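A.B. asks: can you look at this prediction? I've put the sequence above it.
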Amino acid sequence: MDTIKITSGIFRGRSIKSPKSNLTHPMGAREKLALFNMIVDDLPGSLVLDAFAGSGALGIEALSRGSSGVVFIEKGTSASKIIRQNLETLGIQAEIFVGDVVNFAAEQLFDVILADPPYDNFDPKKIINLPKFLKKDGVLALSHPGEAPEIPGVKLEKTRKYAQAHISIYKRL
């Protein structure tokens, strides 16, 4: 089992567990810092959806930085158990949807969606339904290999490259 440090906010410096598996890949510290610097103004009081959650590190980081709540989506049962352990360790109440992103359904809309899908099997079809869960002017932050995919219902605002990772910020139209 590996650990990840929370980089900022109320949980700064605290460690959380990360699955030791080839099915999940934690975002690198440099990329995570860059992502959160790109959306820092959107986080305070926001409702966040952490798609492809893995350890839950991105959603927990969002909570640490002032979001009001997070819903986690993770299809791996062992990874979802680690998310639950991480939340319990930090004293956080949150909903975890155990299943594939394409099967997710929600009544509420989100201010921010964090999507860090697996790079080794990146499939843009898995993310094209995510914008329907965004509020007007909501933000989709996507980590992806290669060029930024076109996603219906959102406009690409900016893309930054960090080694093999690309981070793109989209805004709901």
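C.D. replies: Nice, thanks for sending it over.
A.B. asks: any low-confidence regions in the chain?
C.D. replies: For the chain, residues meeting the criterion pLDDT under 70 lie at 1, 21-25.
A.B. asks: what residue lies at the spatial centre of it?
C.D. replies: residue 114 (3.1 Å; CA atoms, centre = their mean).
A.B. asks: pretty sure that residue is in contact with residue 50, am I right?
C.D. replies: Yes. Taking CB atoms under 8 Å as the definition, residue 114 is a contact partner of residue 50 at 5.0 Å. All C-beta spots, glycine's among them, are computed from the backbone N, C-alpha and C.
A.B. asks: shared neighbours, those two?
C.D. replies: Counting by CB atoms under 8 Å, 6 or more residues apart in numbering, the shared contacts of residue 114 and residue 50 are 58-59, 62.
A.B. asks: distance of the nearest residue to residue 14 once chain neighbours are set aside from residue 167?
C.D. replies: Nearest non-adjacent residue to residue 14, counting by CB to CB, 6 or more residues apart in numbering: residue 6, 5.0 Å away. Distance, residue 6 to residue 167, using CB to CB, to the nearest Å: 19 Å.
A.B. asks: just the ones of the shared contacts of residue 114 and residue 50 in helices?
C.D. replies: Judged by DSSP state H, those include 58-59, 62 as members of helices.
A.B. asks: in JSON lines: those, plus distance to residue 104 and neighbour count.
C.D. replies: What follows is those, written out as JSON lines (distance: CB to CB, whole Å; neighbours: other CB atoms under 10 Å):
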{"residue": "58", "distance to residue 104": "16", "neighbour count": "27"}
{"residue": "59", "distance to residue 104": "14", "neighbour count": "30"}
{"residue": "62", "distance to residue 104": "17", "neighbour count": "27"}
